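>>> pasting the sequence and the predicted coordinates here, then a few questions.
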Protein chains: 4
Amino acid sequence: MAKAKKDSASYEDRRRQLLRAATVVFARGGYLGSRVGDIAREAGLSYGLVYHYFENKEAILNALFQENWGLVLKVVTDVHAQGGTLRHKLEVIAGFLVEAWRQQPDLVEVVMLEVVRSPKFLEKANLAAFLELLAGLEAIFAHHKTTGEVRDDVDPKLAAILLLGQLEVLLTGFVARQFLNSDDPTLLDRSRDAVVSVMLGGVAVPSST
Amino acid sequence: MAKAKKDSASYEDRRRQLLRAATVVFARGGYLGSRVGDIAREAGLSYGLVYHYFENKEAILNALFQENWGLVLKVVTDVHAQGGTLRHKLEVIAGFLVEAWRQQPDLVEVVMLEVVRSPKFLEKANLAAFLELLAGLEAIFAHHKTTGEVRDDVDPKLAAILLLGQLEVLLTGFVARQFLNSDDPTLLDRSRDAVVSVMLGGVAVPSST
Amino acid sequence: MAKAKKDSASYEDRRRQLLRAATVVFARGGYLGSRVGDIAREAGLSYGLVYHYFENKEAILNALFQENWGLVLKVVTDVHAQGGTLRHKLEVIAGFLVEAWRQQPDLVEVVMLEVVRSPKFLEKANLAAFLELLAGLEAIFAHHKTTGEVRDDVDPKLAAILLLGQLEVLLTGFVARQFLNSDDPTLLDRSRDAVVSVMLGGVAVPSST
Amino acid sequence: MAKAKKDSASYEDRRRQLLRAATVVFARGGYLGSRVGDIAREAGLSYGLVYHYFENKEAILNALFQENWGLVLKVVTDVHAQGGTLRHKLEVIAGFLVEAWRQQPDLVEVVMLEVVRSPKFLEKANLAAFLELLAGLEAIFAHHKTTGEVRDDVDPKLAAILLLGQLEVLLTGFVARQFLNSDDPTLLDRSRDAVVSVMLGGVAVPSST
DNA sequence: CATGAATGAGTTTTCATTCAT
DNA sequence: TATGAATGAAAACTCATTCAT
C-alpha cells in the first residue's frame, strides 16, 4: 500500500517536475526554440520519459497554460464577485500577477507570452480561456461605469485590453528579464502600483487633463 | 545607364519583395515556425534566391527590425524635439503606430512582437535599439514632470514601459488580429485615443481618483 | 550488470561499426566526396543515428585519425627505444604499415591520405600528431648518424620525409589500389623490403655510387 | 584586324587567367572544397564567365592536369632518350620538378596531388597519363640494370613508385607548405639532392649496408 | 516505469549550372 | 563576351517521436 501510494504520488511528482523544468526551458528559449531533450535534462530525467507523462511536446505547453490560466481567471472572477472599488479590484489583480511573477517568473512569462503569443493560439481551446479573462476584466470596467467610478466615454473592452498590455509588458520579455531583475526590492511593488495608478488616473496632474 | 539603373533597382526591388513576403510569413507563423521556403513561395521565387539577398534566415528578421525600428525611434525623438504638450506627443506617437498598423499590420506585428519578444533578443544589437526607444519615451515623461504636466510621483521609466505595453498589446498578437480587424472603421482610431486617454488621465472620473 | 555491460559494449560496438563503415566510404570516395548517408547505409543504419555517436561528419574523420595515428607513432617510438640497427627499425616500421594495410587497407589509406593531405589539416590538432611522427623518424636517423650507420651528409629530417613519402605512395591512392592488389602474394612483402632497401642503400650497385 | 587579334589573344589570356586562379584556389582548398565562384573571384571575373571557357568545374581540373602532366612526362622521356648516367637522369627529373615547384608551387601541388589522388582518378583518361609516367621511370631503372648501374635485385617498377613517392611527399601537402617554405634558400636544392642521393645510394655508409 | 538507441521527415544552407539581358 | 540573377538538386544536420530492452 505504501508502495502504491508512493508510486502514485511519484507520478504526480514527476509530472510536476517536468512541468517545472519545461517552464524554465520555455522561458529561456521559447517553445519552438526548446527541445524535448532540454526539458528532460533540466528535470534530470531521460527524454523518453517525457512521453510517459505527456502526449507530446505541445501537450506540455497546453498543460502549463491550462493549469495556471485558470488561477488568473479565478482571481479576476472572484475579486469582481466580492465587490469593492475598482481600485481594490485592480490592486488585487495586479498584485496577484506581480506576486506570481515574484514566486515563479518563468511560469508567468511562459503562460502569458508563450501561449498567448503563439501563432497557433487562435486554433486552440486556449483562445476561449484567453477571451474569458478579457471578458472578466471587461465586466469589471463595465460594472464600474454603472457605479460612476469609470468615465462614460471609456470602452470597457479597450480598457481591459490596455490593462492586459501593461501587465504583460511588465511581466514578460525584456522588461521583466532586465528591468525588474534589479537590486531594488521595491521596484516590483512600485510597478504594480504604477499599473493601477495609470489605469485609474493616468499620469497627468488632475487639473491638466 | 537606364539598364544599370534598372538592374540596381531590380536588386533592391527583389530584396523588398522578399522582405515583404517574409513579413507576411513571419506574421502568420512566427519566425521559428516559418520556413525559408515559405518566404520564397510567398514571394513567388525559388528558395535558393533568398540566399542571394540575405545571409540566412535570421538576417531577414534583423533586416526587418533594423529598417523599421529606426522609423519609430525617429518619430519619438522628433516629436519630443519639436516640443508641445504631452498629450500632443502621445497622440503623434500612438497615431504613427496605429497608422503604420493600418498600412502594414504584418510588419508592425513582426517588428514589435517577433523580434522584441524573441528569446535571442538580448544577445543582439537589437537590444540597444529597443532601449533607445524606451529611453526616448522615458525622456518625454521626465520632461513633462518639469513642466508640471506629469505628477511628481510618476516614474518616467515605468510610464514609458506601460505605454509601450498598451501599444504592443493593441497592435500585435491576438488583439490586433481579432479585435481590430472588425467592421468598425473607427475602432482603430478609438483604440489610439484610448491609449492616449488612459496614459494621461486613466479611466477614473476626475473626482473619484 | 550483464545488461549494463552489454549496453555499454553495444555503444562502443555501434561506434566502431560506424567508424568501419566511414573508413570504407571515405576510402572509396574521399571525405568531401562522401555523404553522411553513405556511411550510414554502409553500416546498415539510419543516417540520423550517426549524430548520436559523432558530433558531425568531420568528427568521424578526426576519430579515425586520432584513434589510429597513435598506433603508428607508438611503433616508431617503441622500436627506437628498444634499440637495434637502423635496418631493424626500418623493417619494423615498414613492416607494421604494410601489415596494417594488408589487414585494413581502407583504414591505412584514409588515415595517411585523407587526413594528412586534407587542406584543413594545418588548422587542426592533427598537425601536431603528424609532426610527432616526423620527429620520431627524424630522431632515428639522427641517432644512427652517431652510430656511424648513417652518412654524415644525410639530413635526418629529409630522410624522414622521404621515407614517409615512399610508404605513403605505396600504401595509398592509386598504387595500393591497383598495383598492390595483384595476384602476387609476395608483392606486398617485396614492396616493404624495397622501401627498407632503398632507404638504406639506394638502388645503385655499391661501387658505382 | 587588330581587334580580332586582340580578341583571340584575349580568349587565351582569359583562359590562362582562369587556370592560374583555379590553381591557387584548388591548392588552397582542394578541388571539392573550392567553389567555381572562388576561382572567378580569384581571377577577378564573374563566375558566369567561367562557363564560357570551360565546360564545367571538372574540366578546369582536367585542363590543369593535361596541360602540365605532359611536360613532366616529356622530361622523363627526353632525358632517357638522350642517354647518360642514372644519376644524371634522376638529377634532371628531380631538378625539373623542384624548379617547377619553385616557380609555381600551387600548380605542382594541384597536378600531383589533387588530380592523382582524386577518388575519381581511376575512372578517367588521366589514369593513362599517370601510368605513362610510371612506365617512363620504370624504363629508366630497367635500362640501368642492363648497364650495371642498378642492382639486379631491384624491381624497376617499385623503384619508380618509390621515387615518385619521395618527390610527391616533398612537393605536395604539408611538407611543401610548411617545411620547404622556410627561410633557407638552399633547402629546396638540398631536398632535390637528397632524393637523388637516397634513390642512388640510400642513407647508409657504404660498408655498413 | 525508465532509458536512450533508432528512425526519418523536415529544415537550413550550399553551390554548380543555366540563361536572360 | 560578360554579368549575376535564378534555379533546384543535394547534403548536413536537427529533433520529435517511437520502441526494444
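The structure has been received and is ready for your questions.
>>> phi first, then psi, for A:Ala139.
Per-residue torsions, A:Ala139: phi -60, psi -40 (degrees, to the nearest 10).
>>> from DNA strand E, how far out is it?
From A:Ala139 across to DNA strand E, the span is 41 Å (CB to the nearest atom of the strand, to the nearest Å). To be clear about C-beta, it is placed using only N, CA and C from the backbone, and glycine gets the same treatment.
>>> tell me the pLDDT at that residue?
In this model, A:Ala139 is scored at 98, pLDDT.
>>> element containing the closest residue to it other than its chain neighbours?
Take A:Ala139 and drop its neighbours on the chain: the residue closest to it by CB to CB, 6 or more residues apart in numbering or on different chains is A:His80, 6.3 Å away. Element membership for A:His80 (DSSP states H and E) is helix A:57-81.
>>> following the chain onward from that helix, which element is next?
helix A:86-103.
>>> how about the CA coordinates for the helix or strand just after that next one, as PDB?
The C-terminal neighbour of helix A:86-103 among helices and strands, as given by DSSP H and E, is helix A:105-109. The C-alpha trace of helix A:105-109 is given here as PDB (Å, rounded to 0.1, in the frame of the first residue of the first chain):
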ATOM      1  CA  PRO A 105       8.800  34.400 -13.000                       C
ATOM      2  CA  ASP A 106       9.400  31.800 -15.600                       C
ATOM      3  CA  LEU A 107       5.900  30.400 -15.300                       C
ATOM      4  CA  VAL A 108       4.300  33.800 -15.600                       C
ATOM      5  CA  GLU A 109       6.300  34.600 -18.600                       C
END
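>>> what mean pLDDT does helix A:105-109 get?
Regarding helix A:105-109, the rounded mean pLDDT is 96.
>>> what does it contact?
A:23-24, A:26-28, A:64, A:68, A:97, A:100-101, A:171-173, A:176 (CB atoms under 8 Å, 6 or more residues apart in numbering or on different chains).
>>> leaving out chain neighbours, which residue sits closest to A:Gly30?
B:Pro119 (4.7 Å).
>>> let me know the helix or strand that that neighbour is in.
Going by DSSP H and E, B:Pro119 is not in any helix or strand.
>>> that one reaches A:Gly29, doesn't it?
Yes - counting by CB atoms under 8 Å, A:Gly29 is a contact partner of B:Pro119 at 5.0 Å.
>>> out of the two, which sits in the more crowded spot?
Neighbours around B:Pro119 and A:Gly29, counted as other CB atoms under 10 Å in any protein chain shown, are more numerous at B:Pro119. The numbers are 19 against 16.
>>> ok, that one to C:Leu187 distance?
Distance, B:Pro119 to C:Leu187, using CB to CB, to the nearest Å: 63 Å.
>>> and for A:Arg15?
Counting by CB to CB, the gap from A:Arg15 to C:Leu187 is 69 Å.
>>> cool, and A:Val25?
For A:Val25 relative to C:Leu187 (CB to CB), the value is 61 Å.
>>> so which of these two has more stuff around it?
Using other CB under 10 Å as the criterion, A:Val25 and C:Leu187 rank with A:Val25 on top: 25 against 16.
>>> so the more buried one sits against A:Ser34, correct?
Yes - A:Val25 lies in contact with A:Ser34 (CB under 8 Å); the separation is 4.7 Å.
>>> break chain A down into its structural domains.
Following the assignment in automatic domain parsing, chain A carries domains at A:1-54, A:57-201.
>>> the ones you listed: lowest mean pLDDT?
Ranked by mean pLDDT, the domains of chain A bottom out at domain A:1-54, which scores a mean of 87.
>>> quick one: is it near DNA strand E?
Yes - counting by CB under 7 Å from any atom of the strand, DNA strand E has neighbours in domain A:1-54: A:7-8, A:10-11, A:14, A:45-49, A:51-52.
>>> got the contact list for whichever residue of chain A sits closest to DNA strand E?
Distance from DNA strand E to each residue of chain A (CB to the nearest atom of the strand) is smallest for A:Gly48, at 1.9 Å. Contact partners of A:Gly48, counting by CB under 8 Å, 6+ apart, are A:Ala40.
>>> now it: which helix or strand?
helix A:47-53.
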